[in-house]
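Student: Structure, please.
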Amino acid sequence: MTALRGVSLVVSGGELVGLIGPNGSGKSTLVRAVTGVLHPGAGQVRLLGVEAGSLSQRQRALRVAVVPQNPALPDAFTALEVVLMGRTPHLRLLENEGRRDLKAVSRAMRATDTMELADRRIGELSGGERQRVVLARALAQETPLLLLDEPTAHLDIGHQASVLELMRRLCLQQKRGVLAVVHDLTLAAQFCDRLVMLSHGEIAAQGTAAQVLQAPVIQQVYGASVQVLVHPETGRPVVAPSAPGE
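Tutor: The predicted structure follows:
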């Protein structure tokens, strides 16, 4: 696990921040620190102004919803039952879900195109379908902050774009803050307001996609020779590998 050094990062409401970097750069460490799995030896992680380490599990779950990279899900549960779990922080002990909870679940499943999966068991779903169910669970949690660890993994290109477009809408319309670990640099560039590139546990670059995704920076951090082009419609960077021999 990569130790983080000197990482200062703020995610504001209404902002979609993409966390990028090669394997072993510290992305997973940062995710675990924000979710409370790891406690920083120095510095602080604050959620809505409150030090994360001082929060109970329920208090943290009311502030941040997490979409992990490889979630452990009970195969015998239906997709609907999994999404309903997102309402747990809002319920008292032994309290059943009410009308408000069911409406939140319905909205989340419609937004993630999982309504048709509601009665299917998790063990029957493909990797991409499971990923969308987990995303629906996080949306049903209705938190001001969403933390997504490679939310587009296992998804085809259509669902990749729709997931990040949904995150953009949540930021714009509901003023939620979203921190997403994104593997695809071009995909991150098209949807994120800001990118933070990690390398060896430190921030190598941060800013707009145009500021961060520059060929010399990518060469240094990823060790890859690339061409950075401009998308003809969005004007944002498109990262392509250099032709062989260049």
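Student: mind saving the C-alpha coords of stretch 223-238 as CSV?
Tutor: This file holds the C-alpha atoms of stretch 223-238, laid out as CSV (Å, rounded to 0.1, in the frame of the first residue of the first chain):
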residue,chain,number,x,y,z
GLY,A,223,6.0,6.1,-18.4
ALA,A,224,4.0,6.2,-21.6
SER,A,225,4.6,8.0,-24.9
VAL,A,226,1.3,9.7,-25.8
GLN,A,227,-0.3,12.3,-28.1
VAL,A,228,-2.7,14.7,-26.5
LEU,A,229,-5.3,15.8,-29.0
VAL,A,230,-8.4,18.0,-28.7
HIS,A,231,-11.9,16.6,-28.9
PRO,A,232,-13.7,18.2,-31.8
GLU,A,233,-16.9,18.8,-29.9
THR,A,234,-16.0,19.3,-26.3
GLY,A,235,-12.6,21.0,-26.8
ARG,A,236,-11.2,18.8,-24.0
PRO,A,237,-8.1,16.6,-24.1
VAL,A,238,-8.1,13.2,-25.8
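Student: In this protein, where is pLDDT below threshold?
Tutor: 1-2, 245-246 (pLDDT under 70).
Student: ok, now with 80
Tutor: 1-3, 36-44, 48, 53, 70, 94, 243-246 (pLDDT under 80).
Student: ok, which stretches of this protein are helices?
Tutor: Secondary structure of the chain, counting by DSSP state H: helices at 27-35, 57-61, 79-84, 99-111, 127-140, 157-174, 185-191, 209-212, 215-222.
Student: contacting residues around Asp193?
Tutor: 15-17, 171, 208 (C-beta atoms under 8 Å, 6 or more residues apart in numbering). The C-beta positions use only the backbone N, C-alpha and C, and glycine is treated the same way.
Student: one more time with 10 Å, if that's ok
Tutor: For Asp193, the contacting residues are 11-12, 14-18, 168, 171-172, 178, 208-209, by C-beta atoms under 10 Å, 6 or more residues apart in numbering.
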